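>>> after the sequence you'll find the predicted model.
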Amino acid sequence: MDLIYEGKAKKLFTTENPSELRMVFKDDATAFNGEKKASFADKGRLNKQLSLHLYELLEREGVATHFVRDDGPESLIVRRVEIVAIEVVIRNLIAGSLKKRTGLPEGQRLRQPLIECYYKSDALGDPLINDEHIRELNLARGDELEKIKRSALKVNRILTIFFAKAGLTLVDFKLEYGRLFPDKHNIVLADEVSPDTCRLWDTETGKKLDKDRFRQDLGDVMEGYSEVLTRVQNVLNTPS
Ligand code: TMP
Ligand code: ASP
């Protein structure tokens, strides 16, 4: 079927069903707004598998997502959405750009989960924006933004508890939301949830097991992703 979108880490294809797309996870990785590029054998499969497990978990817990079904090693079938041009970042511990912006030490726990919005624009380098910028740029209506934030905090609660069972600390993560075709009234969680978009540290040792291994040249990037997948599968296979 037709390729309708190619991003840095994923491709979207049409399917026989006009309201569904095939999302294919690529082995390519980029960082720093595409300045740094590499390809990692098996990344597409690992991220697909992790996104699948996490989307199934979120759906079970009542989060509305674009997920429809599994579709082979590197792809998922998802509902077609119009992506809201906001990257929503939720943080539990200081790391990354928040460390730079505040000067606080990496790993310090935040008093409460912190929400940030970034304008999804490669040309502008995804700048941090506030609710007033969102209103002025008409990126989302007030009620949509409220829904998005409420959902993102719920995702944080669910994933924090789940990853803790896997011995992993959910430091921060990025989410994207979309308006469901064709009427665009409903907002659902879209894009992916994987070590490309989450910071995950081993709770015991603090070892980084996510894309920071690539961003910071720590080596063994796919070993980190694969460790996350193994632990997630162990939790899912353990009767609760
Ligand atoms: P940051 O500390 O670099 O702002 O990143 C915060 C979180 O968002 C981190 O888990 C990585 C994720 N992220 C993305 O998924 N895509 C991006 O383009 C950026 C900048 C961050
Ligand atoms: N994915 C982003 C990019 O390449 C950045 C990142 O995740 O650090 O621009």
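Great, that's in hand. Since the model is a prediction, treat every value here as computed from it, not as a measurement. Ligands and ions are numbered 1, 2, ... in the order given.
>>> which residues of this protein lie near ligand 2?
8, 30-34, 211, 215 (CB under 6 Å from any ligand atom). For the C-beta atoms, the positions are set from N, CA and C on the backbone; glycine is no exception.
>>> what about those residues, which are in strands?
Per DSSP state E, strands hold the following members of the residues of the chain next to ligand 2: 30-31.
>>> dump the residues of the chain next to ligand 2 to CSV, plus neighbour count and pLDDT.
What follows is the residues of the chain next to ligand 2, written out as CSV (neighbours: other CB atoms under 10 Å; pLDDT from 0 to 100):
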residue, neighbour count, pLDDT
Lys8, 14, 95
Thr30, 17, 97
Ala31, 16, 97
Phe32, 9, 94
Asn33, 12, 92
Gly34, 10, 93
Lys211, 24, 98
Arg215, 16, 98
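>>> any idea which element Val188 lies in?
According to DSSP states H and E, Val188 maps onto strand 187-190.
>>> chain center to that strand, what's the gap?
Put simply, strand 187-190 sits 12 Å off its chain's centre (CA atoms, centre = their mean, to the nearest Å).
>>> restrict it to CA atoms and write it as CSV.
Taking C-alpha atoms only, strand 187-190 is exported to CSV below (Å, rounded to 0.1, in the frame of the first residue of the first chain):
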residue,chain,number,x,y,z
ILE,A,187,-8.2,12.8,21.0
VAL,A,188,-6.1,9.7,21.4
LEU,A,189,-2.6,8.8,22.4
ALA,A,190,-0.6,8.2,19.1
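>>> can you tell if the following helix or strand past that strand touches ligand 1?
Following strand 187-190 in sequence order, the next helix or strand is strand 198-202 (DSSP H and E). Yes. Strand 198-202 reaches ligand 1 (CB under 6 Å from any ligand atom) through 198-199.
>>> bridged to Arg179, which residues?
For Arg179, the residues forming beta bridges with it (DSSP bridges) are Glu82, Ile187.
>>> so who does it touch?
With CB atoms under 8 Å, 6 or more residues apart in numbering as the criterion, the residues that contact Arg179 are 81-82, 84, 144, 185-187.
>>> of these, just say which sits nearest to ligand 1.
Distances from ligand 1 to the contacts of Arg179, taken as CB to the nearest ligand atom, are shortest for Val84 (15.0 Å).
>>> mind listing what that closest one touches?
Counted by CB under 8 Å, 6+ apart, Val84 has contacts 139-140, 144, 148, 176-179, 187.
>>> any idea how far Ser151 is from it?
The spacing between Val84 and Ser151, counted by CB to CB, to the nearest Å, is 12 Å.
>>> any common contacting residues for these two?
Going by CB under 8 Å, 6+ apart, residues that sit against Val84 and also against Ser151 are 177, 187.
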